[in-house]
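K.L.:
attaching a predicted model along with its sequence, questions to come.
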Amino acid sequence: MRAFRGIGLALVSLLLAAPPAVRAASLGFLSNTVASKFNDDDVRILQSTALSLLTDGVAGQSQEWANPNSTAKGKLTIVKVFRSTEGFLCKSLRAENSARGLHGVATYPVCEIHPGDWKLHSQAKPAP
């Protein structure tokens, strides 16, 4: 699992990283992704939207985000809500984002390990 507080760093810094973070974290493979086109305000707006949706969202619920000062925008959707085999509340979060002519779509399993402490959990499995 990759940890992050309140969706702050892992989802955005690793998967939706802004260009300086991409270079600093040796994540050059992300250099031609939508995330590489995000500025700091784009990241902040995306983080806020994702945290809100993870905290209060239900399966099928979507929330759009956009930075009026850039071309960045997107739509986040809770695809599924489940309890993991470890007992964590988990949500599959689909992210459709675009910026400066690039578009990307990905789905991330995210679990609330402690209240307000959401983590990417790529191996989260629904409890039987």
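P.N.:
Looks like it arrived, so ask away.
K.L.:
hmm, Thr118 is touching Ser52, no?
P.N.:
Heads up, residue 118 is Trp, not Thr. No. Contact criterion Cβ atoms under 8 Å: Trp118 and Ser52 do not qualify, at 11.6 Å. Using the backbone N, CA and C atoms, a C-beta is placed for each residue, glycine as well.
K.L.:
so in that sheet, which strands flank the strand or helix carrying Lys91, and in what orientation?
P.N.:
Assessed by DSSP states H and E, Lys91 sits inside strand 89-99. Partner strands and pairing direction for strand 89-99 (DSSP bridges) are strand 73-83 (antiparallel), strand 102-114 (antiparallel).
K.L.:
after the last one, heading C-terminal, what element do we hit next?
P.N.:
For strand 102-114, the following helix or strand on the C-terminal side (DSSP H and E) is strand 117-120.
K.L.:
and Trp118 and Ser52? Which one has more around it.
P.N.:
A count of neighbours by other Cβ atoms under 10 Å puts Trp118 above the other of Trp118 and Ser52, at 27 against 14.
K.L.:
per-residue confidence for that one?
P.N.:
pLDDT recorded at Trp118 is 86.
K.L.:
show me what it bridges to in the sheet.
P.N.:
Legend: beta-bridge partners of Trp118 under DSSP bridges are Glu112.
K.L.:
Serialize the strands paired with strand 89-99 to JSON lines and add fields for mean pLDDT, mean neighbour count and distance to Ser92.
P.N.:
JSON lines is the format used below for the strands paired with strand 89-99 (pLDDT from 0 to 100; neighbours: other Cβ atoms under 10 Å; distance: least, Cβ to Cβ, whole Å):
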{"stretch": "strand 73-83", "mean pLDDT": "96", "mean neighbour count": "18", "distance to Ser92": "4"}
{"stretch": "strand 102-114", "mean pLDDT": "91", "mean neighbour count": "16", "distance to Ser92": "6"}
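K.L.:
what's the closest of those strands to Pro126?
P.N.:
Taking Cβ to Cβ, strand 73-83 is the member of the strands paired with strand 89-99 nearest to Pro126, at 4.2 Å.
K.L.:
only alpha carbons, please: show the closest one as PDB.
P.N.:
Extracted as PDB, the C-alpha positions of strand 73-83 are listed here (Å, rounded to 0.1, in the frame of the first residue of the first chain):
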ATOM      1  CA  LYS A  73     -10.300  19.500 -15.600                       C
ATOM      2  CA  GLY A  74     -11.700  16.100 -14.800                       C
ATOM      3  CA  LYS A  75     -14.400  13.900 -13.400                       C
ATOM      4  CA  LEU A  76     -14.000  11.500 -10.500                       C
ATOM      5  CA  THR A  77     -16.400   8.700 -10.000                       C
ATOM      6  CA  ILE A  78     -16.900   6.100  -7.200                       C
ATOM      7  CA  VAL A  79     -17.200   2.900  -9.100                       C
ATOM      8  CA  LYS A  80     -17.600   0.500  -6.200                       C
ATOM      9  CA  VAL A  81     -17.700   0.600  -2.400                       C
ATOM     10  CA  PHE A  82     -16.600  -2.400  -0.400                       C
ATOM     11  CA  ARG A  83     -15.100  -3.700   2.800                       C
END
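K.L.:
many thanks, we can stop here.
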